[in-house]
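**Q** Next input, structure requested:
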Amino acid sequence: MELMNNLGRFLSQYSILTSVLILSFGCSSIPTDSKIISEEITSIQESFKIEGKFKLSNMDSKETGYFVVNKSTNTVSLTIGKNYFLPERVIVLDIREKLDLNKLIEDENIRISLPDIEITNFLELFLGNKSKNLEDKGIGIKLEMKDLSSVPSRVYLTHLDFELLIIIKNIWKN
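**A** So this is what the prediction gives:
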């Protein structure tokens, strides 16, 4: 009982130190690494969701942000954001359409000669399949796997004057 009284007096005398201790233990962060979850997704015909980050580097500029790809039947919804405090842009495409990589650039007045990528080829990259169509367009593809997973944790696309790095954080079936 006396120990509790002494502890109470100590904590009340050193309230700033106590507050710092409580905040430091209460606000500790857990590192977020690439977590590819769920069952194996074997085909782009399945419904799935992918979350990650991207970095688009051009000769004189860089664009970074996060993305969420939500693939459902024949519809692909791509949500792009610069950071979590700014508004997001949502692009809804049919699986037979092409993705304009300029949509990753925040400033719509900046137009770089980035190639359009077919959505099917784009989704295949997330499943670890290189696309012959992209390589025929002169786009270099490098897939970086983590551990023994068949799904890449990083996808690198390079062309004449740009490099796109895609970091896959989560992927799961809907």
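**Q** which residues of this protein fall in strands?
**A** Ranges of strands within the chain are 48-58, 62-72, 75-81, 89-94, 98-100, 116-118, 140-145, 152-158, 162-173, based on DSSP state E.
**Q** Can you get me a residue count around residue 169?
**A** Using other Cβ atoms under 10 Å, residue 169 has 18 other residues around it. Bear in mind the C-beta positions are built from the backbone N, C-alpha and C, glycine included.
**Q** and what of residue 142?
**A** Residues near residue 142, counting by other Cβ under 10 Å: 12.
**Q** Do I have it right that it meets residue 152?
**A** No - assessed by Cβ atoms under 8 Å, residue 142 is found out of contact with residue 152, at 9.1 Å.
**Q** Save the strands of the chain as TSV, and put in distance to residue 134 and mean pLDDT too.
**A** Output for the strands of the chain, formatted as TSV (distance: least, Cβ to Cβ, whole Å; pLDDT from 0 to 100):
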stretch	distance to residue 134	mean pLDDT
strand 48-58	16	92
strand 62-72	17	92
strand 75-81	17	94
strand 89-94	17	94
strand 98-100	12	89
strand 116-118	7	89
strand 140-145	6	92
strand 152-158	7	93
strand 162-173	11	91
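**Q** I'd like to know which of those strands lies nearest to residue 125.
**A** Smallest distance to residue 125 across those (Cβ to Cβ): 5.0 Å, for strand 152-158.
**Q** got a list of contacts for the closest one?
**A** Applying Cβ atoms under 8 Å, 6 or more residues apart in numbering, the contact partners of strand 152-158 are 34, 36, 125-126, 128, 134, 139-146, 163-168.
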